[in-house]
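Undergrad: Predicted model follows, preceded by the sequence.
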Amino acid sequence: MKEFRSSVVSVFILTMIAGFAARLEAGTFTALVDKTVGSVDDQFEYTLSISGKADEPEIPKVPGLTINKVGTSQSYSMQGFGNMTRKVDYTYLVTAEKEGKYTIPSISLKVDGEMQKTAPIHITVSNTPTGSSGEEGGEAAPLFIKRTLKKKEVYVGEQILSKVEIFSRVRILEAGNISENSTDFRRYGSEHESRSQRMYQGAAYDVIEVSEAYVPLKEGSLTLPAFKLKTKIALPRQNGSRRSRDIFDDFFGGSMFGGGRAAIKVIRSPEDTILVKPLPTEGRPKDFSNLVGQFGIDADLSSNKLDAGDTVTLTITVQGKGVLSGMSDPELGLDPSIKVYPDKPSLSENFQESVGVVGTRVLKYALVPTRPGEYQIPDIVINVFDPDQGKYLALNKSLGKLIVGGTVEQSVISGGNPVFNQQKQVKVLNEDIISFHQGEKLSSNQALTRRDLIVVAAMSLLPVVIILCLALFTPFYRLYSGSDQHKYSKAWSRYQSEIKNLTNSQDDFLTQVKLFREYVGDRCGVNGGALTDEEICGYLTELGVSGELLNRLKDVLSSATKVEFAGIDLSGEQVQGSRDTLTQIAKEVRKV
């Protein structure tokens, strides 16, 4: 009997100790970062770990840092006898816009009913590019950029051709040019790219090549910003590493991809220093057109013979290699008796990989001679600067004579525009058959009738009736607005309005999945965005959604995960089918 009592006491003491230890372990909220020192090309993995019951934390905005969520993982552990603790890890990737010291502030969160606070995280970012030359620790880098400039000493306004090569030994899921703009240069980029495979430093690379052109806007020693690329890549998992619970590892760990995880990587080329020379003052014409490059000119008249007062069109076309947007209009030098009416000029510029910026500018003028006679049209001259020859050139085009016949038009001599100012006499075709009705005027001896008095009294009582109705209706409306039924109806209306304009694109599909999660959360009184797929299905099971629909929902949520984190593309039919499933389940939830 004593032994039995001793065993009971021992079990009781152990249970108390285990329960106390479980309480000590529960309700924790911590923040970690994989490294505290890196470069602007690196990414920092920031993890928030929650042990206990809590909503998803809100990440503060930090100037100069981009913080993107990339995954959520969870695990369960047994604490004591019958006490199970849930641990959730939220993983974020942090990238810096430029060098400096940054602080991710502490985050407060209520865990198991108690307010918890993480420690602030400090990171230092240097401006040293990693892998820009393709060397990292003596080995060929998996991803880097090389930029080659055709010239580094140019004149103001002369374009600099640039070739950018992106070397990759990893799978690039997404890529976007995030190069910084400079007020010292005007940038022109090609919409085309070429792809090839090449050996570099003993390793095989996939190479993407793009071309650009930069036009310096001022003289001096200028810094050309680096070419920066933000990529999302699939990184292979190292052999022998333990299996992670991260969502990327769970997905990429399948046989389809051979193991790996997605990551954000920013790469860039080194900056370049450009020596920009001013245009020479010696030999510069007074009517310099501000054009720098290699250009040609053409000009013609729509007719060489016309009568006084008629119109002839002068068209001047300038085209060639260089930027034409800053061109000044030429001086025509026509006889004062010829009126000139300029039209709006047209400009087209495009980029060609081997040439650079190629443009065409068309100027049109309406010429109206006011007197008969024979006029010598001056040559059209446009002065440009050719940087290859280092001197100014005059582009010349002769137009010949303009022969004007007829008589002198008085309207033209007076300075009017015969093309646009011709007026025609207005002819009256008919008059109104019925005249305007004028209302009857009241006389001084007219009085209000009984009907008028009733209308006035009713209008006077109308505000009182409205106030009484509001006083009676307001309590009932407040009671209804606070009810669960009103909340459910409001959540359904919000969900319907937000998905109304969504399409079958991948991005809109992910948006509808997010909205669906929030709708289920609103319906169940929880934060839907913080729920896992299994928790979503658990809540829907409690609401009575059928198992067949839940199985289809699991496929939809799995497809969304693959699209968002693995770069998998779904067909239009697959996206439409998934969206139909979400809509059907949302309607089932509404009926409950």
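TA: Nice, I can see it. Note that the structure is a prediction, hence the values are computed from the model and not measured.
Undergrad: in its sheet, what does the strand or helix carrying Lys364 sit against?
TA: Lys364 belongs to strand 356-369 when assigned by DSSP states H and E. In the sheet, strand 356-369 lines up against strand 312-322 (antiparallel), strand 338-342 (antiparallel), strand 346-352 (antiparallel) (DSSP bridges).
Undergrad: mind checking which of those is nearest Ser398?
TA: If you check each of those against Ser398 by Cβ to Cβ, strand 312-322 wins as the nearest, at 12.7 Å. Heads up, the C-betas are built off the backbone N, CA and C, glycines and all.
Undergrad: model confidence over the strand holding Lys364, on average?
TA: For strand 356-369, the mean pLDDT works out to 93.
Undergrad: you'd agree Leu540 is in a helix?
TA: Yes. Judged by DSSP: H, G, I helix; E, B strand; the rest coil, Leu540 forms part of a helix.
Undergrad: give me the number of residues near it?
TA: Neighbour count for Leu540, taken as other Cβ atoms under 10 Å: 21.
Undergrad: correct me, but it touches Lys554?
TA: No. Here Leu540 lies out of contact with Lys554, judged by Cβ atoms under 8 Å, at a distance of 10.5 Å.
Undergrad: re earlier: could the strands paired with strand 356-369 be laid out in CSV, adding distance to Lys163?
TA: Formatted as CSV, these follow (distance: least, Cβ to Cβ, whole Å):
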stretch, distance to Lys163
strand 312-322, 17
strand 338-342, 40
strand 346-352, 13
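Undergrad: And the helices in the stretch 151-300 of the chain, which stretches?
TA: 247-252 (DSSP state H, counting those that start in this stretch).
Undergrad: ranges for the strands of it?
TA: 153-155, 160-168, 171-177, 185-189, 194-200, 203-216, 220-224, 228-235, 261-268, 272-277, 288-301 (DSSP state E, counting those that start in this stretch).
Undergrad: between those strands, which one is nearest to Asp42?
TA: strand 261-268 (7.9 Å).
Undergrad: and that closest one, which strands flank it?
TA: strand 228-235 (antiparallel).
Undergrad: State the pLDDT value of the residue nearest the centre of the chain.
TA: For the chain, the residue nearest the mean C-alpha position is Gly176 (10.4 Å; Cα atoms, centre = their mean). On pLDDT, Gly176 comes in at 86.
Undergrad: If it is in a bridge, with which residues?
TA: Lys230.
Undergrad: Make sure it is actually in contact with Lys228.
TA: No. Using Cβ under 8 Å, Gly176 is not in contact with Lys228, being 9.5 Å away.
Undergrad: so what does the longest helix belonging to the chain touch, helix or strand wise?
TA: Assignment by DSSP state H gives helix 450-481 as the longest helix of the chain. Helix 450-481 sits against no helix or strand, with contacts defined as 3 or more Cβ pairs under 8 Å, 6 or more residues apart in numbering; DSSP states H and E.
Undergrad: Give me the mean pLDDT for the helix or strand following that helix.
TA: Using DSSP H and E, the helix or strand that directly follows helix 450-481 along the chain is helix 484-499. In this model, helix 484-499 carries a mean pLDDT of 80.
Undergrad: now the angle between helix 484-499 and the next helix or strand after helix 484-499, please.
TA: With elements assigned by DSSP H and E, the helix or strand that comes after helix 484-499 is helix 506-524. Helix 506-524 runs at 180 degrees relative to helix 484-499, counting by axes from the mean of the first three to the mean of the last three Cα atoms, to 10 degrees.
Undergrad: by contact count, what packs against helix 506-524?
TA: helix 484-499, helix 533-542, helix 547-566, helix 572-591.
Undergrad: One more pass at 6 Å, please.
TA: Counting contacts by 3 or more Cβ pairs under 6 Å, 6 or more residues apart in numbering; DSSP states H and E, helix 506-524 is packed against helix 484-499, helix 547-566, helix 572-591.
Undergrad: Which one of these lies nearest to Lys98?
TA: With Cβ to Cβ as the yardstick, what comes closest out of these is helix 547-566 (27.7 Å).
Undergrad: how about that closest one: buried residues?
TA: For helix 547-566, the neighbour count (16 or more other Cβ atoms under 10 Å) marks Arg552, Leu553, Val556, Leu557, Ser559, Ala560, Thr561, Lys562, Val563, Glu564, Phe565, Ala566 as buried.
Undergrad: which among these gets closest to Gly405?
TA: Among the buried residues of helix 547-566, and counting by Cβ to Cβ, the member closest to Gly405 is Val563, at 74.6 Å.
Undergrad: Quick check: the closest one vs Leu510, distance?
TA: 6 Å (Cβ to Cβ, to the nearest Å).
Undergrad: Repeat that for Arg86.
TA: From Arg86 to Leu510 the distance is 26 Å (Cβ to Cβ).
Undergrad: ok, now Thr407?
TA: 76 Å.
Undergrad: Who are the contact partners of Val358?
TA: Applying Cβ atoms under 6 Å, 6 or more residues apart in numbering to Val358 gives the contacts Lys321, Asn350, Gln352.
Undergrad: Closest to Ser328 out of those?
TA: Nearest to Ser328 among the contacts of Val358, with distances taken as Cβ to Cβ, is Lys321, at 18.9 Å.
Undergrad: what sits against Leu143?
TA: By Cβ under 6 Å, 6+ apart, the residues touching Leu143 are Ser168, Val170, Ile267.
Undergrad: which phi and psi does it have?
TA: Leu143 adopts backbone torsions of phi -160, psi 120, taken as degrees, to the nearest 10.
Undergrad: Fine, thanks again, bye for now.
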